[in-house]
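>>> sequence? don't have it. structure:
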């Protein structure tokens, strides 16, 4: 009864309740409610709902992005990295790998941008390291294929290694081809050895250079070697030195031609100098041997023609 001296009792209105015994109806406290007249006790707000103020006759579902347990006076925001997609949720869902939730109280997850990645329950995405890439919404970054790389973190596509550089399978940067090797096109997976008869002097080269006449090389050479005295290489790009022919000589290293012996001298093969004909013999120019003087004739000194 609401006054003294009443002959009959009245129902407690919705939002209030009273148990057995005398006394007045009391407002349901925050977090509880009564949704009908004559309630003997207040009901706890269900998990996923809340009752903010005392004296409430209904509960309210938590908005998307927030959750609650039973008897809640307010809903709690889902922390960053989690979300609640619907109203009336009782727990927050972790962001899936490849997605993120950047702030608390969110109702959806967002995919990571291309060039980034994330594991589960992430509040942000991380840049892919140099040498790797990703599409949008990826949980991991992929290594660039052979011959390609990325030059910065956070890239969504790989670039070809430039000529003069190369990279094999796996992550990492393109590397200069070492001296003696080269790559002559973009996107090389490996450097090529300089061919025999050519050389590559410096690292990072995109082409090989033929050895000049008078010098030779084997495969993968960083420099060419001079032909020693007594030998020569007549053309560019030679792989071996030729011996001077008999009757000829090559007096210094690194020469591109042989020279004939002067008259009065001679030589065998691969000679670096010609020898004088002995007394009593003679020779014309370019001779391998000296001839004896005919009967009745001689030479009085060595080296006579």
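Structure's in. What do you need? Note that the coordinates shown come from a computational prediction; the quantities given were computed from them, not determined experimentally.

>>> Apart from its chain neighbours, what residue comes closest to residue 72?
residue 50 (4.5 Å; CB to CB, 6 or more residues apart in numbering). For the C-beta atoms, the positions are set from N, CA and C on the backbone; glycine is no exception.

>>> how near is that neighbour to residue 197?
86 Å (CB to CB, to the nearest Å).

>>> same check, this time on residue 262
Residue 262 sits 33 Å away from residue 197, going by CB to CB.

>>> In terms of neighbours, single out the busier of the two.
Neighbours per residue (other CB atoms under 10 Å) separate residue 262 from residue 197, with residue 197 holding more: 22 against 17.

>>> Near the residue lying closest to the more buried one once chain neighbours are set aside, how many other residues are there?
Nearest non-adjacent residue to residue 197, counting by CB to CB, 6+ apart: residue 237, 4.1 Å away. Using other CB under 10 Å, residue 237 has 19 other residues around it.

>>> What distance do you get for residue 231 to residue 240?
Counting by CB to CB, the gap from residue 231 to residue 240 is 9 Å.

>>> Give me the more crowded residue out of these two.
Of the pair residue 231 and residue 240, residue 231 is the one with more neighbours under other CB under 10 Å, namely 22 against 12.

>>> if I read this right, that one contacts residue 244, doesn't it?
Yes - using CB atoms under 8 Å, residue 231 makes contact with residue 244 at a distance of 6.6 Å.

>>> Please report phi then psi for residue 112.
With angles defined as degrees, to the nearest 10, residue 112 sits at phi -60, psi 140.

>>> please begin residue numbering at 55 from this point
Okay, using 55 as the starting number, the last item reads as residue 166.

>>> which ones are touching the nearest residue to it once chain neighbours are set aside?
Nearest non-adjacent residue to residue 166, counting by CB to CB, 6+ apart: residue 179, 3.7 Å away. By CB atoms under 8 Å, 6 or more residues apart in numbering, the residues touching residue 179 are 154, 166-167, 170-172.

>>> Which of the residues you listed sits closest to residue 334?
Comparing the contacts of residue 179 against residue 334 with CB to CB places residue 171 closest, at 94.2 Å.

>>> Tell me the spacing between the closest one and residue 148.
16 Å.

>>> Nearest the middle, which residue of the protein would you pick?
The chain has residue 185 as the residue nearest its centroid, 0.9 Å off, counting by CA atoms, centre = their mean.

>>> about what we covered before: please tell me which one of the contacts of residue 179 counts the most neighbours.
For the contacts of residue 179, neighbours tallied by other CB under 10 Å; top is residue 171, 27 neighbours.

>>> On the strand side of things, show who it bridges to.
For residue 171, the beta-bridge partners are residue 180 (DSSP bridges).

>>> could you list every residue that touches the closest residue in space to residue 327 that isn't next to it in sequence?
Nearest residue to residue 327, sequence neighbours excluded (CB to CB, 6+ apart): residue 303, at 5.5 Å. Residue 303 is in contact with 284, 312-313, 315, 321, 325-328, counting by CB under 8 Å, 6+ apart.
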